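Undergrad: When you get a sec, could you give me coordinates for this:
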Amino acid sequence: TRAAASAARGLDCILQTQIVVAGRRTVWCQQHDPLTLAPAPARAYEMPSQCSGESAGITAFLMNLPEPSPAVVTAVHAAAAWFKKTALTDVIFKPTPDGTGRHLIPTPGATPLWPRYSEIGSDRPLFGDRDRTIHDQIDEISKERRDGYAWFGDNPKRVLAHYAKWAKLR
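TA: Below is the predicted model of the structure:
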């Protein structure tokens, strides 16, 4: 009984921390303030934002609940819509032969990528540097940060594949 009550409180916390913009649910932040649950920063280059990787994990967890509540179903549909909206297509993030580090390279037909961080409200990709500056272009940050961090990922791709089957039942 106690474990079930704890699990219910945890699920409620997950639903409360889903970021809402203009009345619409989106996804989750990398970390949230423990008292207000508002999106919060962490390391110097980790700003409050919508986070694709962490949100993919949360969405996968919610889709695996055996009897999702209407609130969970709503949260999953909203997250999937956000993933579809924010996918970057026809690019890869890799080192270039000139030795300047990793860059986004136009590559027709490449698998979709998602920026690790997206600005709350505009969904534009965000990139942070050790000096706490925030940039909207990956090439504006230091080579050390550009090469030493997972700025892009494809975790939402797997979630969207699962979602395609999950959504047919809900």
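Undergrad: Can you get me a residue count around Val76?
TA: 25 (other Cβ atoms under 10 Å). C-beta coordinates here come from the backbone N, C-alpha and C atoms, glycine included.
Undergrad: check contacts around it.
TA: The contact partners of Val76, by Cβ atoms under 8 Å, 6 or more residues apart in numbering, come to 59, 62-63, 68, 163, 166-167, 170.
Undergrad: Helices of this protein, residue ranges please.
TA: Taking DSSP state H, the helices of the chain run over residues 2-17, 52-63, 70-86, 143-147, 155-168.
Undergrad: And the residue nearest the centre of this protein?
TA: With distances taken as Cα atoms, centre = their mean, the residue of the chain nearest its centroid is Ser52 (1.4 Å).
Undergrad: correct me, but that one touches Pro112?
TA: No - with contact defined as Cβ atoms under 8 Å, Ser52 and Pro112 do not form a contacting pair (10.5 Å).
Undergrad: shared neighbours of the two, anything?
TA: When contacts are counted by Cβ under 8 Å, 6+ apart, the set common to Ser52 and Pro112 consists of Pro156.
Undergrad: For the residue nearest to Thr89 when sequence neighbours are not counted, list the residues it contacts.
TA: Spatially, and ignoring its direct neighbours in sequence, Thr89 is nearest to Pro112 (5.4 Å; Cβ to Cβ, 6 or more residues apart in numbering). When contacts are counted by Cβ under 8 Å, 6+ apart, Pro112 touches 87-89, 154, 156-157.
Undergrad: Just read off the phi/psi values of Pro112.
TA: Backbone torsions of Pro112, given as degrees, to the nearest 10, read phi -60, psi 150.
Undergrad: Now for Gly53, how many residues are close by?
TA: Neighbourhood size, Gly53 [other Cβ under 10 Å]: 18.
Undergrad: Next, find the distance separating it from Gly99.
TA: Applying Cβ to Cβ, to the nearest Å, the value for Gly53 to Gly99 is 28 Å.
Undergrad: for Pro68, same thing?
TA: Counting by Cβ to Cβ, the gap from Pro68 to Gly99 is 49 Å.
Undergrad: With neighbour numbers in mind, choose between the two.
TA: Using other Cβ under 10 Å as the criterion, Pro68 and Gly99 rank with Pro68 on top: 18 against 7.
Undergrad: which residue packs closest to that one, ignoring adjacent ones?
TA: Closest residue to Pro68 apart from its sequence neighbours, by Cβ to Cβ, 6+ apart: Leu62 at 6.6 Å.
Undergrad: Which neighbouring residues are in contact with the one you found, exactly?
TA: 14, 68, 72, 75-76, 79 are the contacts of Leu62 under Cβ under 8 Å, 6+ apart.
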